[in-house]
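K.L.:
model the structure of this input:
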Amino acid sequence: MIVKNWMSKSPDTISSELLAKEAINLFEENRVPFMPVVDNGKFRGLIARRDLREAAAWAIATQDIYEVQYFNEQLKVKDIMVRKPVTLSVDDTVETALEKGKNFSRSFLPVMEGDKLVGTLSNRDFTHALNQLLGGEEDLHGICIEVNEDTRITIKKILEDIFTLGIQIQGLFTLKDPDSGVKRLTIRFEAKCLKKIVSLIKKKGYNLIEVVKRKQ
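P.N.:
Modelled structure (predicted):
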């Protein structure tokens, strides 16, 4: 999985010369937690809505008319933004993105192609990708089968048996149980009779961990 295939393209950006007071309004309009700072097509840095709100709260808390006036009339995005934020390349893997996010405690990373900003990758994008894996947008049935150490129970064998049941697989992936470390195969599919499918899977001797019925 490569970043350029999962990132959000054409992200909302903000000018470094914009007043902090006006920037807060822009954040509220766009409903985003972060925005890349771009001047005349050049990436300058990153600013967070949280930092703008904290600056406003501090100015008000001082109860100093000059501090409030400075915030309203002089404080700009360039005075608050992070000038050299952690970034990604369009050719980085998603695994690299996750590692950088973890190591630097970042939930939002600008994506660069050379020195040009071409997108962003955030927790929101990962949530959207996970929703696709789970078939959330398609409203699918789901099952989760334990793949244990029995060499006879391989993913290939499970899928061969599943296909004989006449279901239409729309997605599948494996994850390890966080406690035991045992691998689990999760399958999202379409089928007319979920109860019958579940019954047949159990008869084949598989350890069925989860069953998710589509909403409709």
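K.L.:
output the below-cut-off pLDDT ranges for the chain.
P.N.:
Within the chain, the set of residues satisfying pLDDT under 70 comprises 135-137, 149-153, 216.
K.L.:
the helix ranked longest in it: how far from the chain's middle?
P.N.:
Within the chain, and with DSSP state H defining each element, the longest helix by residue count is helix 49-61. Distance of helix 49-61 from the chain centroid (CA atoms, centre = their mean, to the nearest Å) equals 27 Å.
K.L.:
and for it, what's in contact with it?
P.N.:
Residues from elsewhere that reach helix 49-61 (CB atoms under 8 Å, 6 or more residues apart in numbering): 20-21, 23-24, 27, 32-35, 67-68, 70-71, 75, 80. In this view, the C-beta of every residue, glycine as well, is placed from N, C-alpha and C.
K.L.:
in it, what's buried?
P.N.:
Neighbour-count burial for helix 49-61, counted by 16 or more other CB atoms under 10 Å, picks out 49, 51-52, 55-56, 59.
K.L.:
that one: what's the following helix or strand?
P.N.:
Downstream of helix 49-61, the first helix or strand assigned by DSSP states H and E is helix 65-73.
K.L.:
C-alpha coordinates for the longest helix of the chain, CSV please?
P.N.:
Output of helix 49-61 as CSV, limited to C-alpha atoms (Å, rounded to 0.1, in the frame of the first residue of the first chain):
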residue,chain,number,x,y,z
ARG,A,49,-6.9,24.4,15.1
ARG,A,50,-6.0,23.5,18.7
ASP,A,51,-3.0,25.9,18.7
LEU,A,52,-5.1,28.7,17.3
ARG,A,53,-7.7,28.2,20.0
GLU,A,54,-5.1,28.0,22.7
ALA,A,55,-3.6,31.3,21.5
ALA,A,56,-7.1,32.9,21.6
ALA,A,57,-7.8,31.4,25.1
TRP,A,58,-4.5,32.7,26.4
ALA,A,59,-5.1,36.2,25.1
ILE,A,60,-8.5,36.3,26.8
ALA,A,61,-7.3,34.8,30.0
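K.L.:
specify the angle between it and helix 65-73 in degrees.
P.N.:
150 degrees (axes from the mean of the first three to the mean of the last three CA atoms, to 10 degrees).
K.L.:
contacts only, for the residue most central in space within the chain.
P.N.:
To find the centre residue of the chain, average its C-alpha atoms and take the closest one (CA atoms, centre = their mean): that gives residue 126, at 2.0 Å. Taking CB under 8 Å, 6+ apart as the definition of contact, the neighbours of residue 126 are residue 98.
K.L.:
quick one: it from residue 133, how far?
P.N.:
When CB to CB, to the nearest Å is the yardstick, residue 126 and residue 133 sit 10 Å from each other.
K.L.:
list the strands paired with the host helix or strand of residue 117, with their directions.
P.N.:
Assigned by DSSP H and E, residue 117 falls within strand 116-122. Each strand paired with strand 116-122, and its direction, by DSSP bridges: strand 8-9 (antiparallel), strand 108-113 (antiparallel).
K.L.:
turn these into JSON lines, columns for mean neighbour count and distance to residue 174.
P.N.:
Written out in JSON lines, the entries for these read as follows (neighbours: other CB atoms under 10 Å; distance: least, CB to CB, whole Å):
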{"stretch": "strand 8-9", "mean neighbour count": "12", "distance to residue 174": "27"}
{"stretch": "strand 108-113", "mean neighbour count": "21", "distance to residue 174": "26"}
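K.L.:
alright, I will stop here.
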